[in-house]
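In: sharing a model that was predicted from the sequence below.
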Amino acid sequence: MVSAALLTLSLASPAVADRGAPDFGRATLTGFASLPAETFVPGSEPSGSAIGAGPFNGIAAPFAHQPVQGFSGVVNRRDGTFDVLSDNGYGTKANSADFLLRVHRIEPDPRTGKVTVLGGFNLSDPDRHVPFPLTRADRVLTGADFDVESIVRMPDGTYWSGDEFGPWLLHFSAKGRLLEAPVALDGVKAPENPYLNGAQPNIGSSKGFEGLVRSVDGCRLYPLLEGTVTGDTPGDLRFSEFDLRKRAYTGKRFVYRLESTSNAIGDAIAVDRHRFLVIERDGGQGDTAKFKRVYLADTRDRDGDGLMDKTLVADLLDIANPKRLGGFGETFRFPFQTIEDVNLVDDRTLAVLNDNNFPFSSGRTPGKADDNEFITIRLSAPLHADWRAFR
């Protein structure tokens, strides 16, 4: 579990006011743990038959079991454990039909540097809420059906997930059973959407709902697209509002602008009614990784430019590590191609995880498949978050 001692390290400089928002300094590494890349679900089905024989970063395919990988969403259960969501599997609809979509329960322990997998559950649709054909007759969901990239947990224990193939919102029970039909975003269709009917998609492949936020009052969801919708300004991402009581989009949306049109977002989470933490990253890994950041994005648009205001909270390629945690030097880098999980641990501490794209990504050590890493970082100033953000 994340120890209290690791979450209460003293910090450096105080915040400096900048247009009404704090100017955060350098974040500090307070915890590090990892799960080996070659970790598989015990007793599970074979997987990876459509990716080729490899080897990929020294690992041959296919695999005898389902890998515990691709962490694209995280839920803090507030008991030292976390739920993490595996995405579509191996990167495309075509090669992921034997990858079962799954939520894993993990327990990171920075004292030992290890992450323990406590169990988990597969996602399924036994009640036939999905109106289009699925890959499997038993209606266990696979990476050829959906690309689930984000997850939130509701007070009743159910989960909502954001998908990239529709893009759709998906509502699951506490054990992964789909509870209602997928909810589409009006006017937006990805190339994988089965209802294109010959029309052109207006968002790129794997550019659907990468982020999904539960409002602090639990009444709304805010899905954030990873890509720009055709016709919108390049680099502008739609951040829409969904009313959970009405089960409908409200028509209100905000605009998150990327620092570069070649960047992508990785995850988002609410800080209060107006402010959200957003991971923004480039596509590099290892030495080619140049931009991996966490921003505080504010919907109030104080400068009136029609965009969410952004304040840099943490540069994930320049984290202070005075205690040399994880065996790394005094500067810690999180140099992964896909960093897709952020969570509030306390008002000054964030948990951040990577999607290791098993077995393809090799950001930590060239030629070696990336592990699933779990870090906690302490910010140089408090967020002054709404207390409900920690539920």
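Out: Received the coordinates, thanks.
In: contacts only, for W168.
Out: Residues in contact with W168, defined by CB atoms under 8 Å, 6 or more residues apart in numbering, are 146, 162, 182-185, 208-209. C-betas here are computed from N, CA, C, even on glycine.
In: JSON lines please, covering those residues and showing neighbour count, pLDDT and distance to L325.
Out: Listed next are the contacts of W168 as JSON lines, based on neighbours: other CB atoms under 10 Å; pLDDT from 0 to 100; distance: CB to CB, whole Å:
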{"residue": "F146", "neighbour count": "30", "pLDDT": "98", "distance to L325": "36"}
{"residue": "G162", "neighbour count": "33", "pLDDT": "98", "distance to L325": "32"}
{"residue": "P182", "neighbour count": "20", "pLDDT": "98", "distance to L325": "41"}
{"residue": "V183", "neighbour count": "19", "pLDDT": "98", "distance to L325": "41"}
{"residue": "A184", "neighbour count": "15", "pLDDT": "97", "distance to L325": "44"}
{"residue": "L185", "neighbour count": "23", "pLDDT": "97", "distance to L325": "40"}
{"residue": "G208", "neighbour count": "29", "pLDDT": "97", "distance to L325": "35"}
{"residue": "F209", "neighbour count": "28", "pLDDT": "98", "distance to L325": "33"}
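In: check the residues you listed against N343 and report the nearest one.
Out: G162 (15.6 Å; CB to CB).
In: with adjacent residues omitted, what lies nearest to that closest one?
Out: F209 (3.0 Å; CB to CB, 6 or more residues apart in numbering).
In: what of D98?
Out: S47 (5.0 Å).
In: please name the nearest non-neighbouring residue to F71.
Out: V84 (4.4 Å).
In: name the helix or strand for the one you found, please.
Out: strand 82-86 (DSSP states H and E).
In: tell me the pLDDT of the residue in the chain sticking out farthest from the centre.
Out: Residue farthest from the centre of the chain, counting by CA atoms, centre = their mean, is G198 at 31.1 Å. G198 is assigned 92 on the pLDDT scale.
In: check V16 too.
Out: Model confidence at V16 (pLDDT) stands at 31.
In: now for the contacts of W168: which two are most distant?
Out: Among those, F146 and L185 lie farthest apart (CB to CB), at 14.2 Å.
In: isn't K189 right next to N197, touching?
Out: No: checked against CB atoms under 8 Å, the pair K189 and N197 is beyond contact range at 9.7 Å.
In: which one's more surrounded, the two?
Out: K189 (23 against 7; other CB atoms under 10 Å).
In: backbone phi and psi for the more buried one, please?
Out: phi -140, psi 130 (degrees, to the nearest 10).
In: what's the nearest residue to it if we skip its chain neighbours?
Out: Counting by CB to CB, 6+ apart, the residue nearest K189 is P201, at 5.1 Å.
In: quick one: secondary structure of the one you found?
Out: coil (DSSP: H, G, I helix; E, B strand; the rest coil).
In: next one: R388
Out: Going by three-state DSSP: R388 is helix.
In: for it, which non-adjacent residue is closest in space?
Out: Once flanking residues are discounted, R388 sits nearest to V216: 4.1 Å by CB to CB, 6+ apart.
In: any regions of the chain where pLDDT drops low?
Out: Along the chain, segments meeting pLDDT under 70 span 1-22.
In: same thing but at 90, please
Out: 1-23 (pLDDT under 90).
In: give me the buried stretch members for stretch 104-111, please.
Out: In terms of neighbour count (16 or more other CB atoms under 10 Å), stretch 104-111 has its buried residues at 104-110.
In: for that stretch, output the C-alpha coordinates as PDB.
Out: The C-alpha trace of stretch 104-111 is given here as PDB (Å, rounded to 0.1, in the frame of the first residue of the first chain):
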ATOM      1  CA  HIS A 104      -7.500  -5.600 -12.100                       C
ATOM      2  CA  ARG A 105      -7.200  -4.900  -8.400                       C
ATOM      3  CA  ILE A 106      -3.600  -3.900  -7.500                       C
ATOM      4  CA  GLU A 107      -1.800  -3.000  -4.300                       C
ATOM      5  CA  PRO A 108       1.400  -1.000  -4.800                       C
ATOM      6  CA  ASP A 109       3.900  -1.100  -1.900                       C
ATOM      7  CA  PRO A 110       6.600   1.600  -2.300                       C
ATOM      8  CA  ARG A 111       8.500   0.100   0.700                       C
END
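In: give me the distance from that stretch to the chain's centre.
Out: From the chain centre to the centre of stretch 104-111 is a distance of 17 Å (CA atoms, centre = their mean, to the nearest Å).
In: equivalent analysis for stretch 319-333, please.
Out: The answer for stretch 319-333 is 24 Å, by CA atoms, centre = their mean.
In: can you give the contact residues for it?
Out: Contacts for stretch 319-333 (CB under 8 Å, 6+ apart): 12, 26-32, 34, 110, 113, 289, 316-318, 334, 375, 377.
In: try it again with 6 Å
Out: The contact list for stretch 319-333 (CB atoms under 6 Å, 6 or more residues apart in numbering) reads 26-29, 32, 317, 377.
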